[in-house]
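Enquirer: here's a sequence, model it:
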Amino acid sequence: MRLKIPFFKKNKPSKNLDLIRFILLRFGYKPIEISYFVQAITHKSLFNQTEELSNERLEFLGDAVLDAVIAEYLFHRFPNEDEGYLTKIKSKVVSRKTLSDIGEQMKLREIIRYNNQRTINLATIEGNAFEAIMGAIYLDGGYGAVKKSIENHIFRKYLDLNRVLEEEIDFKSKLFIWTQKKRLKLEFIVLNEENLGGNWSYTIGVIINETSYGRGFGSSKKMAEQAAAKETLLLMGEI
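Expert: As a prediction, this is how the structure comes out:
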């Protein structure tokens, strides 16, 4: 049975239409039961002014659903990585900072309902509202709708996963630090680069004290260097 959440009495039809357009444009989802989404954008600071429900319960739900969607995505994206690696990346993607950054890019503050007479960290409530909207999409359209929104809209428009990976797992920096401590000469050399149908492919090799070690492949030199550094650290027994 679908849980019914009362409509907000002060919400006018035109406001509802604006909210529907916003969710459709930013999240790629067209709301069915708009009351879920009205609640999702309502901050608890309005409690003293209205009898309406805040978005905290939807935030709790959205946090859990988002966690599951990201975990499934990473599980399939990195079939050869262990649980520790997947956990690190997932933690980075669903961190408070990342979600607040996404909320800021989406300009969620334009639709969030809060008491502007109080001192409130808008970046924080944008991240919370993002999770609450995920919870609203789940109640309104199910797990598949959340998954589609994350993969087809959030990842493509608001979250550079490759940058997150580089920030979290910087194998090149780790290798550089390791060779410095050992007073070894480190070089990254381009072994091959080619353009296949408009897509570049690079092969990078690691040379330490004139001896070849790991090789890496990628669609950019940075990605290939990270892969080569990772393979080298594995060969060295450092990871």
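
Enquirer: contacting residues for the residue of the chain positioned farthest from its centre?
Expert: Distance from the centre of the chain peaks at Glu210, with 39.8 Å (Cα atoms, centre = their mean). Contacts for Glu210 were tallied using Cβ atoms under 8 Å, 6 or more residues apart in numbering; they are Lys185. (C-beta placed from N, C-alpha, C; glycine too.)

Enquirer: state the distance from it to Asn192.
Expert: 20 Å (Cβ to Cβ, to the nearest Å).

Enquirer: okay, now Arg21: neighbour count?
Expert: Using other Cβ atoms under 10 Å, Arg21 has 11 neighbouring residues.

Enquirer: okay, it: pLDDT?
Expert: pLDDT recorded at Arg21 is 95.

Enquirer: which residues does the strand or helix carrying it contact?
Expert: Using DSSP states H and E, Arg21 sits in helix 13-27. Contacts of helix 13-27 with the rest of the structure, by Cβ under 8 Å, 6+ apart, involve 29-31, 34, 37-38, 41, 106, 110-111, 133, 137, 149, 153-154.

Enquirer: buried subset of these, written for ChimeraX?
Expert: Listed next is the ChimeraX selection for buried residues among these, using 16 or more other Cβ atoms under 10 Å:
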select :29,31,34,37,38,41,106,111,133,137,149,153,154
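
Enquirer: let me know the closest of the contacts of helix 13-27 to Tyr73.
Expert: Comparing the contacts of helix 13-27 against Tyr73 with Cβ to Cβ places Ile154 closest, at 10.5 Å.
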